[in-house]
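Student: Sequence and predicted structure below; questions after.
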Amino acid sequence: MKEREKFGSRMGFILVSAGCAIGLGNVWKFPYMAGKNGGAAFILMYLAFLVVLGLPILVCEFSVGRASRKSTARAFHELEPEGSNFHKFSYMSMTSNYVLMMFYTMVAGWMMYYCYRMAKGEFSGVSTEVVQQGFEKMLASPGIMTGWMAAVVILGFAICSFGVQRGLEKITKVMMTCLLVLIVVLAVRSLTLEGAKEGVRFYLVPNIESIREVGLGNMIFGAMSQAFFTLSIGAGSMTIFGSYLSKDRSLTGESVHILILDTFVALMAGMIVIPACFAYGVEPGAGPGLVFIALPNVFNQMAGGRFWGSMFFLFLFFAALSTVTAVFENIISYGMDLFGWSRKKAVVINLIGMILLSVPAVLGFNLLAGFQPFGAGSNIMDLEDFIVSNNILPLGSVVYVMFCVSRYGWGWDGFIKEVNTGKGLKFPKGIRFYMMVIVPIVIVVIYLKGYYDKFAGQGTGILTAWMAVSLAVLALTAWFIFGGKKSTK
């Protein structure tokens, strides 16, 4: 049997894994979430939830990968006790990575396209209305969006085609280094803008009035949800990188490094966006349109705005591409682990398949705009995002945690032995109850609240129907976990 590929260095593992975690959730969603939820107080809560919720789940994913030496396609099969149901979650996890990329590649294409437009000078001297119309024109053009989406898919699979060390690790090191340099330079530029001080105060100094305006409960839930989703956990995206990792270092210590990098990028993205918004009178909680509509207007008013805007969208593209290549590596590994395909064959089949699978999300903004799965204003991307973000990520995280800590899965002893192998920070052995009870309960609350928030405004009948769906999916997850035999470990 061919020996499993490995990372060439510890730094390679950290940067590739951080690249998977660092994506549009950090650089696109986090700034407007911080702006919407009161700034500094929200950030403090976010940091706390990253440690108590995100970190343990991240450690679980890495441990399953390293112990099994497989992707999610076969990891549970290798470690579960005979008669367990956990391996059936593998197929849901695989589906999640495909569905995620069906719209993520399109949005990454938007970032590349806007970098090109900004560098070309298309936003120079134009009005706010023209910027708005430019975004709408892009969405209405299936040709433009398909072309840029295909460019992202081809580039991502081309990087992965060279293998773990020569492709993914080598390119991600360069890309992440550029991303970190860009984010620091852009943050410094934002902080030197006239009027930026108010934005910095809002962003870094907790304000009781902000908590009152947003509501403490809303702020806590927003911070909890953002901390949970920012690390790309629950779909098995991190399992593959654990499978390429040596046993020289403990997994808790490595996970902490990834957490720090991910948090640094999110905080610095906010440091770019929020002071700039305050400097030019733009609402920092303006939502997803903040990046494509509000910020081009900010750069349009800024001295050297064409250059700074180009750098900003290049930074966003690197963040998106680092996630794309990481998930593509996961997708390639499925074909290799399940069917014994060569890397080349897995790349070619998935490249063609991914372009075709990504077309519906593109058409959802134009030719298929009449399909509105969640009512007026929704589209195919919203449906795909809902499947992944509101279902598979949270419930997949419950599956991973319970697999690692319960006797129905791999079991606590095997998990602790694996996670604490090697030098570095050790995972505390005395928190099994917290992992087995508290963490799953918190995640289930996030899951149910997500359903409630999404459908609460659509009438009692629709809300009741969708809450019934959520409970049915929750019951299916419980079957994955408790439907098999207990381990004797």
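Tutor: All right, it came through fine. Numbering: from 1, shown residues only.
Student: Now do the helix of greatest length in the chain: distance to the chain's middle.
Tutor: In the chain, taking DSSP state H as the definition, the longest helix is helix 305-339. Distance, stretch centre to chain centre, for helix 305-339: 11 Å (Cα atoms, centre = their mean, to the nearest Å).
Student: ranges for the strands of the protein?
Tutor: Here the chain has no strands by DSSP state E.
Student: before we move on, the earlier item: would you mark the buried spots in the longest helix of the chain?
Tutor: For helix 305-339, burial by neighbour count (16 or more other Cβ atoms under 10 Å) applies to 305-306, 308-338. No exception for glycine: its C-beta is placed from N, CA and C like everyone else's.
Student: do stretch 172-184 as well
Tutor: By 16+ other Cβ under 10 Å, the buried positions in stretch 172-184 come out as Thr172, Lys173, Met175, Met176, Leu179, Leu180, Leu182, Ile183.
Student: Just the mean pLDDT for that stretch, thanks.
Tutor: What stretch 172-184 shows for mean pLDDT is 87.
Student: Disregarding residues adjacent in the polypeptide, which is nearest to Gly301?
Tutor: Gly isn't right for residue 301; it's Gln. Nearest residue to Gln301, sequence neighbours excluded (Cβ to Cβ, 6 or more residues apart in numbering): Tyr280, at 5.5 Å.
Student: What residues does that neighbour make contact with?
Tutor: Contacts for Tyr280 (Cβ atoms under 8 Å, 6 or more residues apart in numbering) come out as Leu193, Gly195, Asn297, Val298, Gln301, Met302.
Student: Tell me which entries of these lie within helices.
Tutor: Using DSSP H, the contacts of Tyr280 in helices are Asn297, Val298, Gln301.
Student: do you know how far the first one is from Asp382?
Tutor: Okay, so that is Asn297. Relative to Asp382, Asn297 is positioned 26 Å away (Cβ to Cβ, to the nearest Å).
Student: what residue ranges in the stretch 251-400 of the chain score low on pLDDT?
Tutor: In the predicted model, the stretch 251-400 of the chain carries pLDDT under 70 at residues 284-290.
Student: Could you report the pLDDT at the closest residue to Ile481 other than its chain neighbours?
Tutor: Leaving aside its sequence neighbours, Ile481 sits nearest to Met402 (Cβ to Cβ, 6+ apart; 4.7 Å). For Met402, the pLDDT comes out at 95.
Student: show me the contacts for Met402.
Tutor: The contact partners of Met402, by Cβ under 8 Å, 6+ apart, come to Tyr408, Gly409, Met436, Pro440, Ile481.
Student: out of those residues, who's nearest Ile240?
Tutor: Gly409 (19.1 Å; Cβ to Cβ).
Student: residues of stretch 209-222 that come out buried?
Tutor: Neighbour-count burial for stretch 209-222 [16+ other Cβ under 10 Å]: Ser210, Ile211, Val214, Asn218, Met219, Ile220, Phe221, Gly222.
Student: Pull up the gap between the last one and Ser470, please.
Tutor: As for Gly222, its distance to Ser470 is 19 Å (criterion: Cβ to Cβ).
Student: Next, the contact list for Thr323, please.
Tutor: Thr323 makes contact with Gly19, Cys20, Ala21, Ile22, Gly23, Leu24, Tyr104, Ala108, Ser232, according to Cβ under 8 Å, 6+ apart.
Student: redo that, cut-off 10 Å
Tutor: 19-26, 100-101, 104, 108, 156, 232, 237 (Cβ atoms under 10 Å, 6 or more residues apart in numbering).
Student: ditto for Leu182
Tutor: Leu182 neighbours (Cβ under 10 Å, 6+ apart): Met268, Ile272, Met311, Phe312, Leu314, Phe315, Leu316, Phe318, Ala319.
Student: Between all of those, which two are separated the most?
Tutor: Met268 and Leu314 (14.9 Å).
Student: Next, Glu80: phi, psi?
Tutor: When read as degrees, to the nearest 10, the backbone of Glu80 gives phi -70, psi 150.
Student: that older thread, next step: the contacts of Thr323 restricted to helices.
Tutor: Per DSSP H, those map to helices at Gly19, Cys20, Ala21, Leu24, Leu100, Met101, Tyr104, Ala108, Gly156.
Student: Can you give me the distance of Thr263 to Phe228?
Tutor: Noted for Thr263: a distance of 14 Å to Phe228, by Cβ to Cβ.
Student: which neighbours do these two share?
Tutor: Leu50, Gly54.
Student: Minimum pLDDT in the ones in helices among the contacts of Thr323, which residue is that?
Tutor: Within the ones in helices among the contacts of Thr323, lowest confidence goes to Leu24 (75).
Student: which residues touch the residue lying closest to that residue once chain neighbours are set aside?
Tutor: Distance criterion Cβ to Cβ, 6+ apart; nearest residue to Leu24, sequence neighbours excluded, is Ala320 at 5.6 Å. The neighbours of Ala320, taking Cβ under 10 Å, 6+ apart as the test, are 22-24, 27-28, 104-105, 107-112, 152, 156.
Student: now Leu204
Tutor: Counting by Cβ under 10 Å, 6+ apart, Leu204 makes contact with Gly39, Ala40, Ile43, Leu267, Gly270, Met271, Ile274.
Student: any idea how far His77 is from Ser422?
Tutor: In this structure residue 422 is Gly, not Ser. Computed as Cβ to Cβ, the Gly422 to His77 distance reads 25 Å.
Student: Then Asn218?
Tutor: Separation of Asn218 from His77 (Cβ to Cβ) stands at 42 Å.
Student: Tell me, how many residues neighbour Met467?
Tutor: Met467: 15 surrounding residues under other Cβ atoms under 10 Å.
Student: Contact partners for it?
Tutor: With Cβ under 10 Å, 6+ apart, Met467 has these contacts: Leu448, Tyr451, Tyr452, Phe455, Ala456.
Student: how about 8 Å then?
Tutor: By Cβ under 8 Å, 6+ apart, the neighbours of Met467 are Leu448, Tyr451, Tyr452, Phe455.
Student: Compile those into JSON lines and extend it with columns for distance to Gly375 and pLDDT.
Tutor: Listed next are the contacts of Met467 as JSON lines, based on distance: Cβ to Cβ, whole Å; pLDDT from 0 to 100:
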{"residue": "Leu448", "distance to Gly375": "20", "pLDDT": "92"}
{"residue": "Tyr451", "distance to Gly375": "15", "pLDDT": "91"}
{"residue": "Tyr452", "distance to Gly375": "16", "pLDDT": "91"}
{"residue": "Phe455", "distance to Gly375": "9", "pLDDT": "91"}
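Student: Show me which of the residues you listed are buried.
Tutor: So, by 16+ other Cβ under 10 Å, the buried ones in the contacts of Met467 are Tyr451, Phe455.
Student: Mind putting the contacts of Met467 into JSON lines with distance to Ala376?
Tutor: Supplementary listing: these in JSON lines, determined by distance: Cβ to Cβ, whole Å:
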{"residue": "Leu448", "distance to Ala376": "25"}
{"residue": "Tyr451", "distance to Ala376": "19"}
{"residue": "Tyr452", "distance to Ala376": "20"}
{"residue": "Phe455", "distance to Ala376": "14"}
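Student: Between the contacts of Met467, which sits nearest Asn366?
Tutor: Phe455 (26.0 Å).
Student: Quick check, the closest one in contact with Val469.
Tutor: No - the pair Phe455 / Val469 is not scored as a contact, 9.5 Å apart, by Cβ atoms under 8 Å.
Student: Please work out how many residues are found near Ser124.
Tutor: When neighbours are counted by other Cβ under 10 Å, Ser124 registers 12.
Student: circling back to that earlier point, of Gly422 and His77, which one has the most company?
Tutor: Gly422 (18 against 15).
Student: and the more buried one, what does it touch?
Tutor: Gly422 makes contact with Ser246, Lys247, Asp248, Arg249, Ser250, Leu251, according to Cβ under 8 Å, 6+ apart.
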